[in-house]
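# The amino acid sequence is not available; the structure is as follows:
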């Protein structure tokens, strides 16, 4: 079974589309765990309306969809809470602004089954109208920059015992994958676009690559460099 863990913070307007894209997956062996990290826009209402509208078409067993609330602690804490509540042999940490293609879970699971040496399977994706080509797994590249985001299928047995580092505010995904790498695990790339990210959410501060070289005075660039320094110091890079 795949445990789909969705942290949500003030993204109730996007959560419905994410849930609908999960409900029509070709691989239906999953559970969905939504963790509300102290939102002010009532994502529980969106969740309840989805469950009511879906009815028996999506509820295949008791506990298949679950909703939890906690005080605002940040996305890593919400993901850790979701992991604690999960049961699946595979984990998929899904942001609340994601729309999956119907075969995402199936293709990622089949890829991992075909590659027992890999701990996670991941794909390229769209951010609005921009294509993010991710590329094959490369340990050296991983040590240099973040290039795999949280939306990867991960074997539960290879999820770090330390979980998500709740002290990390930026590059949380890079920190996780570096920890996975340090524990001797790698990944496998699925050369397809399997999901899209809605604009205005967690990736809304994305800047073109040239900005980081030519515009060091920009506040976003300064924050980027400061956050990167934290990760590099933690992992001795």
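Now that the structure is in, tell me what you want to look at. Source: prediction; values computed, not measured.
# Flag the shaky bits of the chain, pLDDT-wise.
Within the chain, the set of residues satisfying pLDDT under 70 comprises 56-63, 200-221.
# Let's see that with 50 instead.
Counting by pLDDT under 50, the chain contains low-confidence residues at 60-62, 203-204, 210-212, 214.
# Only the buried residues of the longest strand seen in it, if you could.
In the chain, assigned by DSSP state E, the strand with the most residues is strand 187-197. Using 16 or more other CB atoms under 10 Å as the test for burial, strand 187-197 gives 187-190, 193-197. Any C-beta I mention is one placed from the backbone N, CA and C, and that applies to glycine too.
# who's in contact with it?
With CB atoms under 8 Å, 6 or more residues apart in numbering as the contact definition, strand 187-197 has outside contacts at 21, 95, 97-101, 103-104, 107-108, 111-112, 115, 118-128, 131, 134-137, 148, 151-152, 177, 180, 203.
# and what of stretch 17-30?
With CB under 8 Å, 6+ apart as the criterion, stretch 17-30 contacts 1-4, 6, 32, 46-47, 50, 54, 57-58, 60, 64, 88, 92, 94-106, 109, 195, 198.
# domain parsing for the protein?
Using automatic domain parsing, the domain ranges for the chain come out as 2-205, 207-237.
# Comparing those, which comes out most buried?
Of all the domains of the chain, domain 2-205 has the most neighbours on average by mean count of other CB atoms under 10 Å, namely a mean of 18.
# and that one, how far from the chain's centre?
Taking CA atoms, centre = their mean, to the nearest Å, the mean C-alpha location of domain 2-205 is offset from the chain mean by 3 Å.
# Bridged to residue 93, which residues?
Assessed by DSSP bridges, residue 93 has beta-bridge partners residue 5.
# Might you report the residue contacts of it?
Counting by CB under 8 Å, 6+ apart, residue 93 touches 5, 7, 79, 82, 150-152, 154.
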